[in-house]
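Undergrad: sequence-free structure coming up:
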């Protein structure tokens with residue numbers, strides 16, 4: 001029983017990430033001093049790669065998290081935080097101001113799974129002692145102040161629904177996997193078809209072991225019967241296998257593949273009708289839906305980037321390295 005998997009989700013995500021972050025995102029301010037600070041920060045943190053990974057998480061899971069901290073060498077660092085181990089709590093105001101963020105990285109020690117919870121507010125980081133994931137008990141271990149001016153974890157999301165780029169087509173991908181698996185099983189059944197030979201055969205000379213060996217060899221010898229007129233039936237040889245509607249199955253898979261790309265708004269680059277002799281205007285319309293989705297994601301991502309550099313200028317101002325009033 002073959003069970004094949006087809007990573008349409010990866011194809012959709014890679015196309016999206018490449019389209020939006022293949023060319024590094026430019027960050028430009030009217031203030032030259034701010035541009036210098038941003039350039040130094042980007043170089044120190046390799047933000048080209050960081051932005052790409054943040055976008056990948058954002059489009060894959062519908063959200064991404066970035067943690068900023070100042071290391072022991074007084075360098076401002078920015079790293080991606082696991083979406084399954086991070087969340088942000090917001091206030092009830094219309095601006096949805098972040099109240100605090102929580103990180104709870106999990107790890108194993110022997111057969112037991114543990115976590116260490118860290119809470120980030122706008123003024124301090126509260127770290128709790130490690131505890132079992134099955135019986136969480138928060139006992140404060142340490143408390144450190146920070147000068148980022150806001151909660152130093154930023155959440156990126158493409159829109160207010162926080163949907164992943166391929167979340168709407170997961171069920172269609174499962175159907176395609178099932179259809180391809182059925183095709184593979186059919187081909188295997190055909191390769192392992194049993195040859196049946198019927199005719200004027202004397203089966204009495206075969207023992208039970210001989211018949212068992214025939215079955216293992218996918219061969220059956222069957223004695224012929226008698227026709228109504230008293231004559232023996234003719235000798236015949238044929239394969240026995242499950243019949244399969246190949247044409248219908250292939251049309252079904254083609255429709256599923258088309259639906260996956262149409263609903264996810266990501267064009268199928270292997271489609272013969274995608275390129276060819278089409279004009280640039282026709283190609284633009286084929287990408288129209290994806291471009292609209294990309295614009296929405298870019299607006300959400302830009303909000304996160306603005307917050308990143310606002311935090312950076314906050315701490316730069318505190319250590320007298322910049323003025324963030326411009």
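TA: Looks like it came in fine. Not measured: the values here are computed from a predicted model.

Undergrad: Setting the sequence-adjacent residues aside, check what's closest to residue 3.
TA: In this structure, residue 3 finds its nearest non-sequential neighbour in residue 181, 5.2 Å apart by Cβ to Cβ, 6 or more residues apart in numbering. The C-beta positions use only the backbone N, C-alpha and C, and glycine is treated the same way.

Undergrad: ok, which stretches of the stretch 1-150 of the chain are strands?
TA: With DSSP state E, counting those that start in this stretch, the ranges of strands along the stretch 1-150 of the chain come out as 64-70, 76-81, 86-90, 98-103, 106-109, 112-115, 118-120, 124-128, 131-132, 140-145.

Undergrad: And the longest helix anywhere in the chain, how far out from the chain middle?
TA: Among all segments of the chain classified by DSSP state H, the helix with the greatest residue count is helix 288-318. What separates the centre of helix 288-318 from the centre of its chain is 22 Å, taken as Cα atoms, centre = their mean, to the nearest Å.

Undergrad: and what of stretch 27-47?
TA: The chain centroid and the centroid of stretch 27-47 are separated by 31 Å, computed with Cα atoms, centre = their mean.

Undergrad: Also compute the angle for the longest helix of the chain relative to strand 64-70, please.
TA: For helix 288-318 against strand 64-70, the angle between stretch directions is 20 degrees (axes from the mean of the first three to the mean of the last three Cα atoms, to 10 degrees).

Undergrad: Could you list the buried residues of helix 288-318?
TA: Buried residues in helix 288-318, counted by 16 or more other Cβ atoms under 10 Å: 290, 293-294, 297, 300-301, 304-305, 307-309, 311-316.

Undergrad: Give the bridge partners for the residue nearest to residue 101 when sequence neighbours are not counted, please.
TA: Computed as Cβ to Cβ, 6+ apart, the closest residue to residue 101 that is not its neighbour in sequence is residue 153, at 3.7 Å. According to DSSP bridges, the partner residues bridging residue 153 are residue 67.

Undergrad: Which secondary structure state is assigned to residue 282?
TA: When states are read from DSSP: H, G, I helix; E, B strand; the rest coil, the local structure at residue 282 comes out as helix.

Undergrad: name the element the residue nearest to residue 3 belongs to?
TA: In this structure, residue 181 is located in helix 170-191 according to DSSP states H and E.

Undergrad: Is residue 61 in contact with residue 83, as I believe?
TA: Yes - counting by Cβ atoms under 8 Å, a contact exists between residue 61 and residue 83, whose distance comes to 4.8 Å.
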